[in-house]
Structure formats: structure tokens, C-alpha cells
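Peer 1: Take a look and give me a structure for this.
(4 chains)
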There are 2 protein chains.
Amino acid sequence: MCVKLHLVQNSSVDEPALGLRERKKRARREALIDATHRLVAEHGLDAVTVEAICEEAGVSARTFFNYFETKDDAVLGHTPWPLDSAATEEFATGGPTGHLLADLQALVSSFLTDAPIGRQRVARALELAAKEPRLFARHLAWMEQHKGQLSALIERRLQMGTADDAALSSEIVGSTLLFLTHATFMRWDAAGGTGTADEHVSAVVADLRSILTD
Amino acid sequence: MCVKLHLVQNSSVDEPALGLRERKKRARREALIDATHRLVAEHGLDAVTVEAICEEAGVSARTFFNYFETKDDAVLGHTPWPLDSAATEEFATGGPTGHLLADLQALVSSFLTDAPIGRQRVARALELAAKEPRLFARHLAWMEQHKGQLSALIERRLQMGTADDAALSSEIVGSTLLFLTHATFMRWDAAGGTGTADEHVSAVVADLRSILTD
DNA sequence: TGCAAAGTTGCAGTGTGTGTAAAGTTGCAC
DNA sequence: GTGCAACTTTACACACACTGCAACTTTGCA
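Peer 2: Got it, this is the predicted structure:
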């Protein structure tokens, strides 16, 4: 199968123009995700083989695994999580507001908003994940993988916080951060992708608080 | 390899004496878990094949998969979650205290305490899971698998609760329940398995509350 | 003792994921 | 443009997880 890649010229100003190599890489990555979505939507996760996906995308099976660790990751569009953004740095150094909870919410919001995969593709991934529990699990696992980095981030933050905050373990704060991200993600999805990440994370926090303060 | 099973005579009064068949089944199950623990502790998860485990346990590879869905499940001792215990029933019908939070805590505690696998084995599983992120992931996946049942449980409970509780979605309560279970599980492990599940779940709730009420 | 139900086993097969080395592309300096 | 270094893709071989199936063995029970 002969497939042409759509190479989009990056016209943003702050990002230096990407070379052909990098653009091809991204295009191929998205082509693989899209091919996976198409096939899985039609036949279901287990009935689709990596080989079939590769044929659809016009790429060798070996290449597939250069892009994704597992088949499931291709559906989810998972890639190593860029935990070195401006938002994470600001959080670690005590910002943006100085209140732990508010800043956690801001961080969750930035995670969901600046996802390294387009909004539409996220939506399609969610749709499929709802039908295939295994995908959901994989998503959780993927988040869990980054918990070490997250904990380190939080460790930095807690050391410059108030005495109150410092009494918390970075472990539990990290878990909470993951939980908030996850729950917000789901709530956003349940709302059909409408609204902003900010709104949803606030709603989740409110619910949680109401459960915990009986 | 010729391996003899240790068949423990069940002497409890309320449980009718188990037949030979059932006792053998349990013994084999535990033998498989133990063999897996031994080998994985020594060589690491990825270096241990199912075949090796079966040789150690004196069982055919095919039999292994009659007991566990995946290799990872054998480490974790996972088995279909018995969500029809007395504790779950009590929770669904508004008990034991009538306060949602307190009853959630009791439920978490019962999950961890009445695990269908012995305390020691749980401890060993936790030890191994700490070193192998994939196991953790699988554990999360396993919990996620039961979320549907959990949601149904919570749905029943919420319908007989106060107006306050009824405003919550069973979704978020279910997620919270899973989160509490998970976080407590980890905290218990971090404490080296000392203390009771009750104590740890309370501590987790306290921490969470302090994060959320800035 | 004998029969039905439950459990175990070997075997063949599918599919995921990895290591490796050769072949093809791109970036860049001259 | 030419040429070389760095990076990517690809084919191939392989290990291993896991499944379906059809004997075969063991247990429960009359």
C-alpha cells in the first residue's frame, strides 16, 4: 500500500520551523493513531492486529513499535509525558497562586489542555476507551508510570510551602494529583467535551470535598 | 518435577468442610502464587517465564492459565473480586453507620482485610509490585474492571441516602472508592504491613481532606 | 463399583513485542 | 551538488503470553 503523508508546515512563531525529519515523524505518528482509531472503531480492539493497522497506515510492523510501546498506546496516542513544561515549573516553584489546592487544579488543567495530541483525537480515544476497559486500564498505568516524576515535582513544591503543606507526603499529594487528572478527564468526556478543563476540575474538587466532609 | 500439595484441613465451624477437590484447587493456587513470588523475587518479572513457574510448581503451563488470566495476576494473587460479601451488602443498604464517608472507609477496610489471599502473600505481592511498575498497572486495571459492579453498588446506596448524598454521581463516588482503596493499599505497604487497614484508611482520608480544604 | 462432572494436560496455533543488521532518508558542511 | 554522519525504516528471526480443543485423569456420589 502506498500512502502519502500529509506534512503540515509549522507556522508558529515561537517554535522554530521543524525540519522535514521531525514533521514526517509527527505525521506518521498521527497517521498510525488515525488508522488505529478507524479500525478499532469498526472491528473492536481485539479483532484488530498490529499488522492490519500497519497495512492501513502503509508502514512496517516493526516501525509501529518504534512509535508505540503497545497496541493500546496507539489508540490512546500515548507518548512520554512532557513533564517539563512552563506550567510544571511554575507549580514546583510555588506558583501560580501559592495555594496548594488551587495550584494543583491549575496543573491538572494544563495537563488536559496542553495534551501532546489534538483535541479531536483525544475525544476519539476516549470514545473507544469507554467501550474497552483494557484501554482505560492502560491509561491509568501510563499515568502511574509518571508518578515518580510527579512526586519529584511535588517534593520541590512542598519544600517551599507553608508548615501545613509540608506535613503532607509527596506520595499522597502525587496520588491525589493523578486522581484529579483522571476524574477530570472522565468528567470532561462525560460532558461530551464541552466546557473548559478548569470548570471540570473545579467540579470534581467540589464533589470530592462534599464526599469527604460528610 | 514431582510436587506434593499441602492440603490443609478446613476446621472452621461455619464453613462446611471443603471437599478434596476444592482443597486441592486452593492449594494449587497458592502453590502457584508462591512459586511465582519466589522466582520473581530472585530474577525479576520479565526474566521469569510462565513455563518456569509451572515447572517450579509442578504443574502444566496450560493449567496455569486455568487459574490466572495473566502472569502478572499470579504475582498479585488476583482472582475475580467477590463483590457480594456481607460488607458490600451492608454498604448498599445504608450501613453500617449511615454516614457515607464512614461507610466508604469501612468498605475499603473490608476489601483489604478480607482479601481472598493471605496477609503474608499480599505483603510479598506488594513488595514485588513496588519494584515492577507493570504490576502496579495491572493492579489498577484489575480494580478498574470491577468499577461497573462498584458503581451499581453505590447507585443502590445513594438512592437510600440523604438529599445531600443523592446529589453526588455514583461515578465520582466510585472513583473515590477505588482511589481510597488504592491509596490505602499503598500506605499500608509503605508502613511495612504494620497496623490495621482501618488505621491506614483513616490516615489517607485525613490527608486528602487536608489537601482539599486548603 | 461405576458413572458423571470437574480438572489437568499436550499440542498446535495466533499475536505481541524485541534484537539485529542491512537498506534507505535527511541534515549539513564544504 | 557531493559526500558523509546521523537518524529511520524495514525484513527477518525469535521468545513468550495466551487460547481452543480433544484426550486423559481424578473426584463426588449413588
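Peer 1: Only C-alpha atoms from now on, for both contacts and neighbour counts.
Peer 2: Fine.
Peer 1: hmm, stretch A:69-84 touching DNA strand C?
Peer 2: Yes. Using CA under 7 Å from any atom of the strand, a contact is recorded between stretch A:69-84 and DNA strand C, made by A:69-72.
Peer 1: is that stretch up against chain B anywhere?
Peer 2: No. Judged by CA under 8 Å from any CA of the partner chain, stretch A:69-84 makes no contact with chain B; its nearest approach is 12.7 Å.
Peer 1: list the contacts for residue A:87?
Peer 2: The neighbourhood of residue A:87, defined by CA atoms under 8 Å, 6 or more residues apart in numbering or on different chains, consists of A:107, A:110.
Peer 1: Distance check, it against DNA strand C.
Peer 2: Plainly put, residue A:87 is 28 Å away from DNA strand C if you go by CA to the nearest atom of the strand, to the nearest Å.
Peer 1: Now for that residue, which secondary structure element holds it?
Peer 2: The secondary structure element spanning residue A:87 is helix A:86-92 (assigned by DSSP states H and E).
Peer 1: In that helix, which residues are buried?
Peer 2: Of the residues in helix A:86-92, those buried by neighbour count under the rule 16 or more other CA atoms under 10 Å in any protein chain shown are A:87-89, A:91-92.
Peer 1: How about stretch A:105-123?
Peer 2: Taking 16+ other CA under 10 Å as the neighbour-count basis, stretch A:105-123 is seen to contain the buried residues A:105-112, A:121-123.
Peer 1: Same question for stretch A:152-171.
Peer 2: For stretch A:152-171, the neighbour count (16+ other CA under 10 Å) marks A:153-158, A:161, A:165, A:168, A:170-171 as buried.
Peer 1: With stretch A:54-66 instead?
Peer 2: By neighbour count, and taking 16+ other CA under 10 Å as the criterion, the buried residues in stretch A:54-66 are A:54-59, A:64.
Peer 1: Out of these, give me the two with the largest separation.
Peer 2: Checked with CA to CA, the buried residues of stretch A:54-66 reach their widest spread between A:56 and A:64, with 11.7 Å between them.
Peer 1: Quick check: next helix or strand after the lowest-mean-pLDDT helix or strand in chain A?
Peer 2: For chain A, the helix or strand with the lowest mean confidence is helix A:163-166, at a mean of 61 (criterion: mean pLDDT, DSSP states H and E). Towards the C-terminus, the helix or strand next in line after helix A:163-166, according to DSSP H and E, is helix A:170-190.
Peer 1: Are there helices or strands packed against that next one, and which ones?
Peer 2: With contacts defined as 3 or more CA pairs under 8 Å, 6 or more residues apart in numbering or on different chains; DSSP states H and E, helix A:170-190 has these neighbours: helix A:100-113, helix A:133-145, helix A:147-159, helix A:197-212, helix B:170-190, helix B:197-212.
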